[in-house]
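S.K.: Here you go, sequence then predicted model.
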Amino acid sequence: MKTPFSEAIPVIEKLKENGYEAYFVGGSVRDLLLNREIGDIDITTSAKPDEIQEMFPKTVDVGAEHGTIIVLHNGKPYEVTTYRAESGYDDFRRPNKVNFINCLREDLKRRDFTINAMAMDSNGEIIDYFDGKQHLEENIIRTVGDPGERFNEDALRMLRALRFSSQLQFRLAEEVKEAITDHAKLLDNISIERKTVEFEKLLRGKNSKYAIALLMETGTYTYLPCFASKEKELHCLQKLDLSVLSSSEELWTLITYILRNVEIESFLRSWKLPTKIIKAAGKNNKLLEQLQANDWTKFLLYSAGLKSALEVEKIRLMMNGHNSISNKLAELTEMFHRLPMKSRDELVITGRDILEIISKQAGPWVAELLQEIEMLIVDGRLKNDEREIKEWLYNWKQEFGQNY
Ligand SMILES: Nc1ccn([C@@H]2O[C@H](COP(=O)(O)OP(=O)(O)OP(=O)(O)O)[C@@H](O)[C@H]2O)c(=O)n1
């Protein structure tokens, strides 16, 4: 049977044939031992970036200065990174100065958590210098060595600790929690893009409730854009089962809905989110507002479109503590499919047709009339048929035409 690892073995073998050491490392080894779905496969090696590039026909230089080259094998990308070693990456440019053979331990020592600091050779043998396996069994997150040192090397690791606690449903070791509390301020130096990725994963993990509690307990939440005084809102997020969310659009719609008083666009821009998400959250919040007064009507569903309608409905159901969300969403989907028309593109007449029949000067009234026709069709009171609509327009002209 092909597994993500067996497909990657030729990459390791090639490195070894050329006299280098090479191992699987990091998250993929952790996830294999946890029986979780395997994400990206990372390989660590004693070969230097230029040597990796020479050995494989298809490579992408994604950060040779940090020792990382992507190797494409059978169309799949593998991140191949030269051992991180004490002497630093600078030595890649002076290839004869360092010999990376036997530096695996050094490499693993520089990783964030013991559960992420295991390697696996091409025979499936696990190399575990820092008790990662034991900590996996104990469901605990511990740093490799001193937590303060690891967080000083990269402050994002503090948010990673919280995100893993949520995704894997692991506890944070007491000394890790304390070090995060002491070093939280270092998060000021971390780019917002990196924080956003971790925050999303943290919220969408299985134990977001615990991770949000940790955000508050360690004070790290104050280093997230616009969250400094939002304890009440974080408590609110904590009460929800966020694992039902299936997209970033849904997540950020929910967050902005809970925050209520923020200016949505500038808030989301401060998280450097893509325009697509900013637009969706803005539109969805307007819908949520409309739905506070009334339930779905055919026309509201039509105007929203199925994608937004489902996003919004899921959030409404979550907030109301509903426990049969998928049934309700299926009902709404059915209601959408029963609509006589699903989008304006399907409308068989245009503003030009209206002008021809009514023969008055163009103005906002044309768009208003088009919308009225759309509403009647969506409501099932008029057929989306050219002849019928034109007949309706002639009648309209007779009745109201003079007043326009
Ligand atoms: N700030 C970081 C980021 C990553 N790593 C190391 O690099 C590996 C790969 O990192 P990444 O791909 O970001 O995360 P994964 O652990 O693979 O987890 P996931 O794929 O679920 O994001 C980690 O396992 C860890 O050993 C680290 O030490 N410090």
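M.R.: Everything's here; your move.
S.K.: Quick check, Ile180 in contact with Thr218.
M.R.: Yes. Using CB atoms under 8 Å, Ile180 and Thr218 qualify as a contacting pair, with a distance of 4.4 Å. Backbone N, C-alpha and C define where each C-beta goes, glycine included.
S.K.: Return every residue with contacts to both of those two.
M.R.: Listed contacts common to Ile180 and Thr218 are Met158, Leu162; contacts here mean CB atoms under 8 Å, 6 or more residues apart in numbering.
S.K.: Comparing the two, which residue is more hemmed in?
M.R.: Here Ile180 and Thr218 are compared on neighbour count by other CB atoms under 10 Å; more neighbours surround Ile180, at 27 against 22.
S.K.: Three-state assignment for the more buried one, please.
M.R.: Remark: Ile180 carries the secondary structure label helix [criterion: DSSP: H, G, I helix; E, B strand; the rest coil].
S.K.: With Arg110 as the reference, measure out to it.
M.R.: 19 Å (CB to CB, to the nearest Å).
S.K.: what does Arg194 give?
M.R.: Taking CB to CB as the measure, Arg194 and Arg110 are separated by 18 Å.
S.K.: same check, this time on Met216
M.R.: Here the distance between Met216 and Arg110 works out to 30 Å (CB to CB).
S.K.: Next, count neighbours for Glu193.
M.R.: Summarising burial for Glu193: neighbours were counted as other CB under 10 Å, giving 10.
S.K.: Look up phi and psi at the residue in the chain positioned nearest to the ligand.
M.R.: Shortest the chain-to-the ligand distance, computed as CB to the nearest ligand atom: residue-wise this is Gly27, at 2.2 Å. Geometry field for Gly27 lists phi and psi as phi -60, psi -30, criterion degrees, to the nearest 10.
S.K.: Give the full set of residues in contact with it.
M.R.: Gly27 makes contacts with Gly39, Asp40, Asp42, Asn116, as judged by CB under 8 Å, 6+ apart.
S.K.: Repeat that for Glu386.
M.R.: For Glu386, the contact set (CB under 8 Å, 6+ apart) comprises Val348, Ile349.
S.K.: Next one, pLDDT for Asn320 please.
M.R.: According to the model's per-residue confidence, Asn320 sits at a pLDDT of 89.
S.K.: and if you look at Ala362?
M.R.: Per-residue confidence for Ala362 comes out at a pLDDT of 89.
S.K.: element containing the nearest residue to it once chain neighbours are set aside, please.
M.R.: Residue nearest to Ala362 in three dimensions, not counting chain neighbours: Leu355, with 6.0 Å by CB to CB, 6 or more residues apart in numbering. Using DSSP states H and E, Leu355 sits in helix 351-358.
S.K.: Quick check: buried residues in that helix?
M.R.: Buried positions in helix 351-358, judged by neighbour count with 16 or more other CB atoms under 10 Å: Asp353, Ile354, Ile357, Ile358.
S.K.: For the residues you listed, give me CSV that also has distance to the ligand and pLDDT.
M.R.: Putting the buried residues of helix 351-358 into CSV (distance: CB to the nearest ligand atom, whole Å; pLDDT from 0 to 100) gives the following:
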residue, distance to the ligand, pLDDT
Asp353, 55, 92
Ile354, 55, 93
Ile357, 60, 92
Ile358, 60, 87
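S.K.: Need these in TSV (columns: distance to Gln371).
M.R.: Output for those, formatted as TSV (distance: CB to CB, whole Å):
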residue	distance to Gln371
Asp353	15
Ile354	11
Ile357	17
Ile358	15
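S.K.: Closest one to Ile190 out of these, please.
M.R.: Ile354 (55.7 Å; CB to CB).
S.K.: so what's that closest one up against?
M.R.: The neighbours of Ile354, taking CB under 8 Å, 6+ apart as the test, are Val366, Leu369, Leu370, Leu393.
S.K.: from those residues, which single one is nearest Glu263?
M.R.: Distance to Glu263, by CB to CB, is smallest for Leu370 among those, at 31.9 Å.
S.K.: May I ask which helix or strand encompasses the closest one?
M.R.: Under the criterion DSSP H and E, the helix or strand holding Leu370 is helix 364-378.
S.K.: wait, Ala173 sits on Glu138?
M.R.: No. In this structure, Ala173 sits apart from Glu138 without contact. The criterion is CB under 8 Å, and the distance is 9.4 Å.
S.K.: Counting by contacts, list what whatever helix or strand Thr333 lives in packs against.
M.R.: Thr333 belongs to helix 325-337 when elements are defined using DSSP H and E. Contacts defined by 3 or more CB pairs under 8 Å, 6 or more residues apart in numbering; DSSP states H and E place helix 325-337 against helix 298-304, helix 306-319.
S.K.: Which parts of that helix count as buried, going by neighbours?
M.R.: Of all the residues in helix 325-337, those buried under the rule 16+ other CB under 10 Å are Lys328, Leu329, Leu332, Phe336.
S.K.: Read off the pLDDT value for the closest residue to the third one other than its chain neighbours.
M.R.: Leaving aside its sequence neighbours, Leu332 sits nearest to Glu313 (CB to CB, 6+ apart; 5.3 Å). For Glu313, the pLDDT comes out at 97.
S.K.: mind checking how far Glu313 is from Leu136?
M.R.: Per CB to CB, Glu313 is found 38 Å from Leu136.
S.K.: got it, and Leu347?
M.R.: 58 Å.
S.K.: backbone phi and psi for Asp121, please?
M.R.: Comment: the main-chain dihedrals of Asp121 come out as phi -90, psi -180, following degrees, to the nearest 10.
S.K.: how long is stretch 301-309 from one end to the other?
M.R.: 6 Å (CA to CA, to the nearest Å).
S.K.: residues of it that come out buried?
M.R.: The neighbour-count check on stretch 301-309 (16+ other CB under 10 Å) flags Leu301, Tyr302, Ser303, Ala304, Leu306, Ser308, Ala309 as buried.
S.K.: Same check on stretch 186-193?
M.R.: Neighbour counts over stretch 186-193 (16+ other CB under 10 Å) mark Leu186, Leu187, Ile190 as buried.
S.K.: Distance check, the first one against Phe24.
M.R.: Just to be clear, that refers to Leu186. Here Leu186 is placed at a distance of 30 Å from Phe24 (CB to CB).
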